[in-house]
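Visitor: When you get a sec, could you give me coordinates for this:
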Amino acid sequence: MHGSNLVVQNRDGKQNRCVAMAVTANNRSNRESTGGQPQHFDWIDALRGFAILAVMLVHSSQFVRNLPKPLELIANQGARGVQLFFIVSAVTLMHSLKVRESFDGFLIFNFYVRRFFRIVPMFWVAIVGYVLLEGTGPHYGTSQRMSPWDIGLTAVFLHTWSPNAINSVVPGGWSITAEAMFYVCLPFLFRRIKSLAEGGLLVLASFFLGSLLTKLVFWFLSPWFDGEEQHVLELFRFLWFPNQCYIFALGILTYFVLKQVPSVEGGRSSRFSGLSPAMKKLAIALHLIWLFGIFALSFSSGGYRYLPEHFLFGLVFVILVLVPESDRHTCRSTRVGLRLVRHCKPLLGHVYP
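Guide: This is a model prediction of the structure:
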């Protein structure tokens, strides 16, 4: 995506405000001033920055012993930063395809070419590096030795379908294969899902089918993963694509919510333009209450009895994306995320859209 500033000045020149993606999404021509290319949004980069912070939190906490229980809980949930990445990925890719649709005669082919060169070379280097440095012995997530089959599945991004390979060849590689499976599905979803209602149905259908398939596969594979191997299947049940697909669906739903917001005079847009300042603060407060409630569930004996925790966090992230950027405090927090993402931009430019 080509760069374009997200902060503009009011007519009176008094205050900068963050511009919503909805300005572009509601542009009838679906073309930007940068030669028809999809616009670059700072608030999207900021969300990536917050996701990076969350993932750094969980990994760094693993080196600290005897953390107080509340801090340990918060640190462990930093892993949900991956789900925030998934939602942001779905929003940006849907937007990118929509913008390019009007001028790219080879839309899907070029989409896969861009995905290939952003992800495949670096991931293949990671596979070779980890195999050479770590060997093929038992790795995190499995007590089995790494087989050529595991390496081959990982090389073609199909390791999401193997309990032993899903996260053993490249640590964290489960998120890459989930992204790859989403890329396989995206052209069909882009052509088929055309409205907010259809986006909502996609979330419901993917949640129901993904959850059902996860339960069936766990039941079917359980006899082969007894005793110490049970944790391998538990990890696989959470990480594999059918258990993550509805997070991407939430991102697609978010994209259509953004498209519903009318742009306002001067090229600026607020997702809550009709709300009073008090109502805007209430929306943010409800977001924080929801987040606190999810953490409170972690302390309860029943835990997440009805909905998976990563799905609940996904709903939180949808609300986070929909918080009005026109709010001054939101703009400040956006700049915090941007500072981090600029330090990581060389890596992010190759991995994330």
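Visitor: Can you show me the helices along the stretch 101-250 of the chain?
Guide: Counting by DSSP state H, counting those that start in this stretch, one finds helices in the stretch 101-250 of the chain at the ranges 107-134, 148-155, 173-192, 196-221, 230-239, 245-259.
Visitor: low pLDDT regions in the stretch 251-353 of the chain?
Guide: 261-306, 323-353 (pLDDT under 70).
Visitor: Quick one, grab the pLDDT at V91.
Guide: V91 is assigned 93 on the pLDDT scale.
Visitor: Buried ones in the helix or strand it falls within, by neighbour count?
Guide: Per DSSP states H and E: V91 is located in helix 81-101. The neighbour-count check on helix 81-101 (16 or more other C-beta atoms under 10 Å) flags 81-100 as buried. The C-beta positions use only the backbone N, C-alpha and C, and glycine is treated the same way.
Visitor: One more: stretch 109-120?
Guide: Quick answer for stretch 109-120 (16+ other C-beta under 10 Å): 111, 115, 119.
Visitor: Check stretch 190-203 too.
Guide: Applying a neighbour-count criterion of 16+ other C-beta under 10 Å, one finds 190, 193, 199-200, 202-203 buried in stretch 190-203.
Visitor: how long is it end to end?
Guide: End-to-end distance for stretch 190-203, by C-alpha to C-alpha, to the nearest Å: 14 Å.
Visitor: List of residues touching it?
Guide: Applying C-beta atoms under 8 Å, 6 or more residues apart in numbering, the contact partners of stretch 190-203 are 94, 97-98, 189, 246, 249-250, 252-253, 255-257, 259-260.
Visitor: Can I get those residues in CSV including distance to M146?
Guide: CSV is the format used below for the contacts of stretch 190-203 (distance: C-beta to C-beta, whole Å):
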residue, distance to M146
M94, 36
L97, 36
K98, 41
L189, 33
Y246, 30
A249, 32
L250, 33
I252, 35
L253, 38
Y255, 38
F256, 42
V257, 43
K259, 45
Q260, 48
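Visitor: Compare the residues you listed and tell me which has the most neighbours.
Guide: Greatest neighbour count in those, by other C-beta atoms under 10 Å, goes to A249: 28 neighbours.
Visitor: what about that one, distance to H159?
Guide: Distance of A249 to H159, given as C-beta to C-beta, to the nearest Å: 22 Å.
Visitor: same check, this time on S102
Guide: S102 is 36 Å from H159, by C-beta to C-beta.
Visitor: Between those two, point out the one with more neighbours.
Guide: H159 (28 against 11).
Visitor: among the helices of the stretch 101-250 of the chain, which is nearest L53?
Guide: When the helices of the stretch 101-250 of the chain are compared by C-beta to C-beta, helix 173-192 sits nearest L53, at 16.2 Å.
Visitor: ok, and for the closest one, which residues are buried?
Guide: Neighbour count says helix 173-192 has 173-183, 186, 189-190 buried, by 16+ other C-beta under 10 Å.
Visitor: One more: stretch 225-233?
Guide: Buried, per 16+ other C-beta under 10 Å, within stretch 225-233: 225, 232-233.
Visitor: I would like the residues contacting that stretch, please.
Guide: Outside stretch 225-233, the residues that touch it by C-beta under 8 Å, 6+ apart are 141-144, 163-164, 218, 221-222.
Visitor: go on, stretch 210-218?
Guide: Stretch 210-218 has contacts (C-beta under 8 Å, 6+ apart) with 233, 237, 240, 242-246, 308.
Visitor: Among those, which one lies nearest to D42?
Guide: Within the contacts of stretch 210-218, proximity to D42 (C-beta to C-beta) peaks at Q244, which comes in at 26.8 Å.
Visitor: what's near enough to touch the spatially closest residue to that closest one that is not a sequence neighbour?
Guide: Nearest-residue entry for Q244: A178, 4.9 Å, with adjacent residues in sequence omitted and distances by C-beta to C-beta, 6 or more residues apart in numbering. A178 makes contact with 86, 160, 239, 241, 244, according to C-beta under 8 Å, 6+ apart.
Visitor: so what's the first one scoring on pLDDT?
Guide: Think F86. 96.
Visitor: The closest residue to it other than its chain neighbours and R115, how far apart?
Guide: Of all residues not flanking F86 in the chain, I247 sits nearest, at 4.6 Å (C-beta to C-beta, 6+ apart). Look at I247 and R115: by C-beta to C-beta, they are 18 Å apart.
Visitor: what's the answer for R191, then?
Guide: Distance from R191 to R115, by C-beta to C-beta: 17 Å.
Visitor: same deal with Y183?
Guide: 5 Å.
Visitor: returning to that earlier point: elements contacting the helix holding V91?
Guide: With contacts taken as 3 or more C-beta pairs under 8 Å, 6 or more residues apart in numbering; DSSP states H and E, helix 81-101 sits against helix 22-25, helix 42-61, helix 107-134, helix 173-192, helix 245-259, helix 309-322.
Visitor: so what's the residue nearest to W161 when sequence neighbours are not counted up against?
Guide: Using C-beta to C-beta, 6+ apart and skipping residues adjacent in sequence, the residue nearest W161 is W240, 7.0 Å away. By C-beta under 8 Å, 6+ apart, the contact list for W240 reads 160-161, 166, 174, 214, 217.
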